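In: task: produce atomic coordinates for the following.
(one chain, ligands or ions: 1)
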Amino acid sequence: MATDFDLVVVGAGAAGLLAAVASRRLGDRVLVVEADAVAGGSTALTDGRLWLPANHLAAKLAADSTDDADAYLEALLGPVTPESSAERRSAYTRTAGKLARWLTSSNVPLAVVRSVPDHQPDLAGGKAQGRVLATQSLDRRVLGEWAERLRSDGDGGGGLRRLLPGRRPTQTPGEALAGHLLHRATANGVEVWLDSPVVDLIAGEDGVGGVVVRREGTDTPVTASRVVLASGGFEQNQELREEYLPLPTDAEWSTSTAPNAGDLLGLAIAHGAATAGLDEAWWTPVMLADGRAWSLDEARGKPHCLIVDAAGDRFFDESLPANTAGRALYERSRGMRAVPSFLVLDNRHRQSVPLGPWPAGTTPKKALEAGEIVRAHTLNDLAQALGVDRAGLLGSVVRFNGFAGKGKDLDFSRGESAWSAASGEHAGRRNASLGKVDKQPFWAVKVYPGDSGTKGGLLIDARSRVLRADGTALPGLYACGGAAASLFKGASPGPGAALGAALVEAFLAATDRPADG
Ligand SMILES: Cc1cc2nc3c(=O)[nH]c(=O)nc-3n(C[C@H](O)[C@H](O)[C@H](O)COP(=O)(O)OP(=O)(O)OC[C@H]3O[C@@H](n4cnc5c(N)ncnc54)[C@H](O)[C@@H]3O)c2cc1C
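Out: Residues are numbered from 1 along each chain as shown. The predicted structure follows:
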């Protein structure tokens, strides 16, 4: 049957743009439809890190192989499940290195982020560095008219940026990644429609044969041999959050500001798609300020801080990787009041470490007045201002300071794993992550179990084909990135795993040919 396009991609984040570029390179007629006024999705707001094991760029830095990556995933992920099948794991480890080469040969410049380990480098096959890549900056001017249509952190998540004369480097590696891919797409004949949400899927002979796009108020059917859903997760949809994620939950706690509401999830289910892992997200402890959520990843691993629940008790190693730390908040909240918890720091921390929107040493008066951060000269007063049990907080700080003095956290082993040591501060310390909390004034922010996107979604196979509940592929329909159920289940192998998987899945979807069987 004649179709308008060989491939229609829904969503112009990293996954969608990569699928478009890869498919176009194979000669396909490709359309990308994006609901927002700007391309880049939540990708453009990120650190743009990609967890790609056994890549060629780290070959001289650290020995790695697909066998090591297989062993690591097996140790980390445990038994296989429908969304984390042996085939999907193997497709990931075998495609990651290939994708890194493909990106660099497609003029998307990548570099190893040195000294950044896997999240559990001590497991079999784990690595102390080499698997995390970041995209190098892009001069936005090369995008021509598209420069103003690339999401930027400076947009506050939506508006268009005015271009100033002179060089215009991207602000974050995520923006650079989306920008490079957008450039490759638009320069090579991929059609991109912005402000064009997909509102329905068109039934094909035995599956999906296109999409209905709302364009300038008119619903326009677009037929295609294949449809790739790269429309992100459902992090901005409070109703779906409450239906699927652990409670309490709030869209405000997500660091993603892309308008990802999971529209395509419901549409695909209506066409027979199966789902998996809908109760999972890429958890990360966050604080709230300036009307949005901010990850606490950098702050909480540094010395001179601890996290307590409402009883004033510590309950985990504050320096844990984001996903594990976010889960710890939920686990604690089953028996105690732990949402919110409280990040308590002393003045050394505030003077030397950025916190949310505030650089080190700078705390705006309006943030104190709004209660976004609390300051007090004694721990007693701090506890009272926070509504935390005073005896509990004092006892926890005394015990913590004792551990800090000896360089050994007898309760939660903070600073002992390779990950924890890397997230601390090394200069002359016995334990990179431990330091006493004893210099006035004391500070605290509320900590919520936030996320950087949801993790469950459409069940896909090793070729990124959307599956039905009986395990057969739904012809014509693919999903990747936030739209698909993550193969990592409740775990995270390393920084950049979400984007790494999004790109690998997009690449597999774009290069799959239905005739392959
Ligand atoms: C602050 C932050 C930092 C992060 N840092 C990292 C990191 O360093 N490394 C990492 O691996 N991951 C990181 N993540 C997670 C990562 O951003 C996501 O996993 C990744 O961007 C997903 O890419 P995607 O292309 O699937 O989705 P997105 O980039 O979110 O793109 C989805 C696109 O689909 C569009 N869309 C939605 N619905 C429709 C519709 N109905 N019709 C048409 N278009 C639609 C959206 O507008 C959006 O543009 C971070 C996330 C955040 C928020």
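In: helix/strand/coil for the residue nearest the centre of the chain?
Out: Among the residues of the chain, the one closest to the centroid is residue 452, at 4.6 Å (C-alpha atoms, centre = their mean). The three-state label given to residue 452 by DSSP: H, G, I helix; E, B strand; the rest coil is strand.
In: residues touching it, list them.
Out: 42, 46, 254, 255, 256, 282, 284, 295, 322, 498 (C-beta atoms under 8 Å, 6 or more residues apart in numbering). Any C-beta I mention is one placed from the backbone N, CA and C, and that applies to glycine too.
In: and the residues you listed near the ligand, which?
Out: Within the set of these, contact with the ligand (C-beta under 6 Å from any ligand atom) is found for 42, 46, 255, 256, 282, 498.
In: counting neighbours, which of these comes out on top?
Out: Neighbour counts for those peak at residue 42, which has 30 neighbours (criterion: other C-beta atoms under 10 Å).
In: so who does that one touch?
Out: 13, 232, 256, 257, 258, 260, 452, 453, 482.
In: in the ones next to the ligand among the contacts of residue 452, find the pair that's most separated.
Out: Within those, 255 and 498 form the most distant pair, 11.6 Å apart (C-beta to C-beta).
In: which helix runs longest in this protein?
Out: helix 86-105 (DSSP state H).
In: mean confidence for that one?
Out: Helix 86-105 comes out with an average pLDDT of 98.
In: begin at 36 from now on, thanks
Out: Noted, 36 is the first residue going forward, which turns the last one into helix 121-140.
In: how far off centre is it?
Out: 19 Å (C-alpha atoms, centre = their mean, to the nearest Å).
In: so which residues make contact with it?
Out: Under C-beta under 8 Å, 6+ apart, the answer for helix 121-140 is 57, 85-92, 101, 104-105, 108-109, 112, 115, 145, 168, 495-498, 522, 535-536, 538-539, 542-543.
In: is the helix or strand following it anywhere near the ligand?
Out: For helix 121-140, the following helix or strand on the C-terminal side (DSSP states H and E) is strand 145-147. No. On the criterion C-beta under 6 Å from any ligand atom, strand 145-147 is out of touch with the ligand, staying 13.2 Å away.
In: check which helix or strand covers residue 484.
Out: Here residue 484 is assigned to strand 477-489, by DSSP H and E.
In: pull out the buried residues from that strand.
Out: By neighbour count on 16 or more other C-beta atoms under 10 Å, the buried set for strand 477-489 is 477-489.
In: again, but for stretch 104-120
Out: 104, 105, 106, 107, 108, 109, 111, 112, 117, 118, 119, 120.
In: farthest pair in those residues?
Out: Applying C-beta to C-beta across the buried residues of stretch 104-120, the maximum distance is between 106 and 117, 22.2 Å.
In: wait, is residue 278 part of a strand?
Out: No. The assignment for residue 278, made by three-state DSSP, is helix rather than a strand.
In: distance of it relative to the ligand?
Out: Separation of residue 278 from the ligand (C-beta to the nearest ligand atom, to the nearest Å) stands at 18 Å.
In: just give me the neighbour total for that residue.
Out: Neighbours of residue 278 (other C-beta under 10 Å): 12.
In: for the stretch 286-435 of the chain, which segments are assigned as helices?
Out: 298-305, 332-335, 357-368, 382-387, 400-404, 414-421, 425-441 (DSSP state H, counting those that start in this stretch).
In: what parts of the stretch 236-385 of the chain come near the ligand?
Out: 265, 266, 267, 290, 291, 293, 294, 295, 298, 299, 317.
In: want to throw the residues you listed into a markdown table with pLDDT?
Out: As requested, those are exported to a markdown table (pLDDT from 0 to 100):
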| residue | pLDDT |
| --- | --- |
| 265 | 98 |
| 266 | 97 |
| 267 | 96 |
| 290 | 94 |
| 291 | 89 |
| 293 | 79 |
| 294 | 82 |
| 295 | 91 |
| 298 | 93 |
| 299 | 96 |
| 317 | 96 |
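In: which among those residues count as buried?
Out: Listed as buried from these are 265, 266, 267, 290, 291, 293, 294, 295, 298, 299, 317; burial here means 16+ other C-beta under 10 Å.
In: most widely separated two among the residues you listed?
Out: Largest pairwise distance in these, by C-beta to C-beta, is 21.4 Å, between 290 and 299.
In: residue 513 falls within a strand, correct?
Out: Yes. Under three-state DSSP, residue 513 falls within a strand.
In: from residue 181, how far out is it?
Out: Residue 513 sits at a distance of 25 Å from residue 181 (criterion: C-beta to C-beta, to the nearest Å).
In: which one's more surrounded, the two?
Out: A count of neighbours by other C-beta under 10 Å puts residue 513 above the other of residue 513 and residue 181, at 30 against 19.
In: nearest spatial neighbour of the more buried one, chain-adjacent residues omitted?
Out: residue 544 (3.8 Å; C-beta to C-beta, 6 or more residues apart in numbering).
In: let's verify that neighbour: helix, strand, or coil?
Out: Going by three-state DSSP, the state assigned to residue 544 is helix.
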